[in-house]
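Undergrad: Only the shape, not the letters, is given here:
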């Protein structure tokens, strides 16, 4: 490994000494080493049992800037409690504050060091951070080849951030003074001139200064030279001392609800050399072992289905030989009814996994699992446990996310009618803070910032925010149509009036809800196609300070059309315009691949709407044919353009148009594209092929059989890949969506080929969602589960640490190189807690086909 050679430039040294109470050698996995030593392991982080120190194992991605998932991080007794250890340019970094770019990372296990080079190109400011393990400590040295730039004097500092939900309500000690770590943001702020503020991402501003020309800056909760965080909690106790610089403790929630507690020392200006030294001592509990995580379905089990609990164990924990099932009697007393062997699956990333099969328990009743002295909460075995698994999603979550409508539930108003003023044409070019881009031209008849009438109809909020992501909404309508055409759900629990722009939950109106959802989604998408001539990429926020809006969607904008001729807070004489540039923008650069997807959806929607809203059905079919022709022609002229479709991109569109019109040209094209697509990627294509079976002859199904056999081989391979037998995502967005997609495909394949793919395979996906997964055993579906669904989600009510029933969390987020997590006390990490309209309607179709398959 490369040995780090000190630069002539002197270093800023931050010493993090992670010390422990007494440690028993038998609990060490370090061979002959001192068990208290932090050593760089083969995965590139510092490790001792009960404590991991990661050094930029997960770099800042830049896409969403400060995601609280990078820097120097500490996993303390199994929970990632510290993050963001780096040189930063703010007391309390927000999501859109600048983050350092990691330009180099070197792991040197011989010298027990990890070195990263960090840069702020906007300020030509670079540092090298070298972390060295020294016994039970790590020393962090920040090397500067040049002094802090003048523009950052007093702004650049070394930060380390603490997860609020793991520390609030606990005590801290600063220089011997005792204090309580606040449950809610409770500190002071000042304002400073805006020209003194360090530049934020792409020059955007996170807050509306209301014409004052000043920005808000948090002030310390406390300061001193020594602090003990969580002095009353051995699992979280960390002591930090500073020999030559003040430590300041800030509450990042003063500026943003998703802020963390920040410990910070400012870097002195104009100096080089060793100017800063911290020592951090973190407690490690004697003989600590992570409590077993007993995975099981919180929803329960059918009497005759397989019932397998996957138990996640600390690698130093010795597996027990047996587990047992206890039944709760009518008098509340419990008795053991089954005992069975534990079988080992093996290691998967950080933990060891064993399985407990209790399929022999078939009698309906209330039960719990007991493993050693650990007992789970109760669950039910019964014939109807899955009957209501989609009700909360269809009755509550989906209608709450209906855009351009007033949504009421009993005594509660979820939101008023948003965006009454409509949308403006996004100026060309635009590089947006949420990743959207408007190209060099608008690709529409509208000029920059011109009002586009007619777009503020229908559609669904994307997720925890309030934009309409066109691609997601296309998939949403397709999910609704599939649910309707396969299963014809007659459930009616929602009143919808487009004339009144009013939605009322738990109030039947005589129309199946699913048809009204199809109608609502199609209305916006057809309007886009007709008014713009093609599909917009998104209808989104124009200013950052209303993008992160938490509260009533109707209050995001003022409901008045923006007129640049008016003053910033002036209202036009007609009462319909204002000088406030808060209107949503339509991003309209043409994407023929997106147009093809829309053509597919429009063809399907036209069928479902026929006989209910014939006018909208006709409009949808017309746009399907138009977009198919135009997009196919465009793609033929630009075949190499990434993200714009590719070979077979119109396969699904041709299938849907064939089903809708019966025209031979469409089925011929579909079959021409299908078989090569299956040869290339059977797992990604098989579901489309299955959907075609009802519209084809017997020979088609027989020709498909070998591909189903090949797909079964893929399913079997997952059993070897991980102990849960489902595709586990390892990206920056957790993988519940992939599990739902897998479960949906498996269930549909099982309906047609039960002799090849058994219905039990779909149970693995559903059990994963309902609690049989790593980290904890909570249901990922809000309010769905006998006792323990997740309690907090990243929804538009996340500031209340709550949930919207029926929301499906992304789930287990993988933090490289070996840590899965899903916070259930901190909703603000979208990659693990933000349900989306696409994901939740995908769950709707999965739940529907799952119930159908399990009833056969």
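TA: Yep, that arrived. This is a predicted model, so every value here is computed, not measured.
Undergrad: Name the surrounding residues that touch stretch 368-387.
TA: Here stretch 368-387 makes contact (Cβ atoms under 8 Å, 6 or more residues apart in numbering) with 291-292, 294, 296-303, 307, 309, 311, 320, 323-326, 328, 334, 336, 356, 358, 361-367, 766, 777, 786-788, 847, 850-851, 854. (Each C-beta comes from the backbone N, C-alpha and C, glycine too.)
Undergrad: In ChimeraX, how would I select the buried members of those?
TA: Buried residues within the contacts of stretch 368-387, by 16 or more other Cβ atoms under 10 Å, are selected in ChimeraX with:
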select :292,294,296,297,298,299,300,301,302,307,309,311,320,323,324,325,326,334,356,358,361,365,366,367,766,777,786,788,847,850,851,854
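Undergrad: taking the contacts of stretch 368-387 one by one, which sit in strands?
TA: Under the assignment DSSP state E, these contribute 294, 309, 311, 323-326, 328, 334, 336, 356, 365-367 to strands.
Undergrad: The helix or strand residue 673 falls within: which residues count as buried?
TA: Using DSSP states H and E, residue 673 sits within helix 664-680. Buried positions in helix 664-680, judged by neighbour count with 16+ other Cβ under 10 Å: 666-667, 669-671, 673-674, 677-678.
Undergrad: Identify the residues contacting that helix?
TA: With contacts defined as Cβ under 8 Å, 6+ apart, helix 664-680 is touched by 647-648, 650-651, 654-655, 657-658, 685-686, 688-689, 692, 695, 707.
Undergrad: still on that earlier bit, and the buried residues of helix 664-680 as JSON lines, adding pLDDT and distance to residue 397?
TA: As requested, the buried residues of helix 664-680 are exported to JSON lines (pLDDT from 0 to 100; distance: Cβ to Cβ, whole Å):
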{"residue": "666", "pLDDT": "93", "distance to residue 397": "35"}
{"residue": "667", "pLDDT": "96", "distance to residue 397": "37"}
{"residue": "669", "pLDDT": "94", "distance to residue 397": "37"}
{"residue": "670", "pLDDT": "95", "distance to residue 397": "34"}
{"residue": "671", "pLDDT": "96", "distance to residue 397": "38"}
{"residue": "673", "pLDDT": "95", "distance to residue 397": "35"}
{"residue": "674", "pLDDT": "96", "distance to residue 397": "34"}
{"residue": "677", "pLDDT": "95", "distance to residue 397": "33"}
{"residue": "678", "pLDDT": "97", "distance to residue 397": "34"}
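Undergrad: With respect to pLDDT, which of the contacts of helix 664-680 ranks lowest?
TA: Ranked by pLDDT, the contacts of helix 664-680 bottom out at residue 647, which has 45.
Undergrad: Helix, strand, or coil at the residue nearest to residue 686 when sequence neighbours are not counted?
TA: The spatially closest residue to residue 686, leaving aside those adjacent along the chain, is residue 711, at 5.1 Å (Cβ to Cβ, 6 or more residues apart in numbering). Using DSSP: H, G, I helix; E, B strand; the rest coil, the structure places residue 711 in helix.
Undergrad: Please name every helix or strand in contact with the helix or strand hosting residue 737.
TA: Using DSSP H and E, the element containing residue 737 is helix 736-752. Here helix 736-752 is seen to pack against helix 682-692, helix 698-721, helix 760-770, helix 837-854 when contacts are counted using 3 or more Cβ pairs under 8 Å, 6 or more residues apart in numbering; DSSP states H and E.
Undergrad: same thing but at 10 Å, please
TA: helix 470-487, helix 682-692, helix 698-721, helix 760-770, helix 837-854 (3 or more Cβ pairs under 10 Å, 6 or more residues apart in numbering; DSSP states H and E).
Undergrad: Show me the one of those that comes nearest residue 415.
TA: Smallest distance to residue 415 across the helices and strands packed on helix 736-752 (Cβ to Cβ): 14.7 Å, for helix 837-854.
Undergrad: Give me the mean pLDDT for that closest one.
TA: Averaged across helix 837-854, the pLDDT comes to 97.
Undergrad: Pull out the buried positions in that helix.
TA: 837-851, 853-854.
Undergrad: Tell me the helices and strands packed up against it.
TA: helix 398-400, strand 468-469, helix 470-487, helix 513-532, helix 736-752, helix 760-770.
Undergrad: Just want the angle from it to helix 736-752.
TA: With axes from the mean of the first three to the mean of the last three Cα atoms, to 10 degrees defining the directions, helix 837-854 sits at 30 degrees from helix 736-752.
Undergrad: Please name the spatially closest residue to residue 166 (chain neighbours excluded).
TA: residue 81 is the one closest to residue 166 (Cβ to Cβ, 6+ apart), at 4.9 Å.
Undergrad: cool, and residue 763?
TA: Of all residues not flanking residue 763 in the chain, residue 305 sits nearest, at 6.1 Å (Cβ to Cβ, 6+ apart).
Undergrad: Quick check, that neighbour in contact with residue 854.
TA: Yes: if you go by Cβ atoms under 10 Å, residue 305 and residue 854 touch, sitting 7.3 Å apart.
Undergrad: Which residues are in contact with each of those two?
TA: With contacts defined as Cβ atoms under 10 Å, 6 or more residues apart in numbering, the residues shared by residue 305 and residue 854 are 385-386, 759-760, 763.
Undergrad: Ranking by neighbours, what's the top pick from those residues?
TA: Neighbour tally across those (other Cβ atoms under 10 Å): the maximum, 25 neighbours, falls on residue 763.
Undergrad: For it, give me its contacts.
TA: 297, 301-302, 305-308, 725, 743, 746-747, 772, 850, 853-854.
Undergrad: just residue 238 next, same as before
TA: Contacts for residue 238 were tallied using Cβ under 10 Å, 6+ apart; they are 16, 18-19, 74, 76, 81-82, 160, 162, 167, 172, 227-231, 263, 280-283.
Undergrad: Now go through those residues and say which are in strands.
TA: Among these, DSSP E puts 16, 74, 76, 81-82, 160, 162, 172, 227-229, 263, 280-282 in strands.
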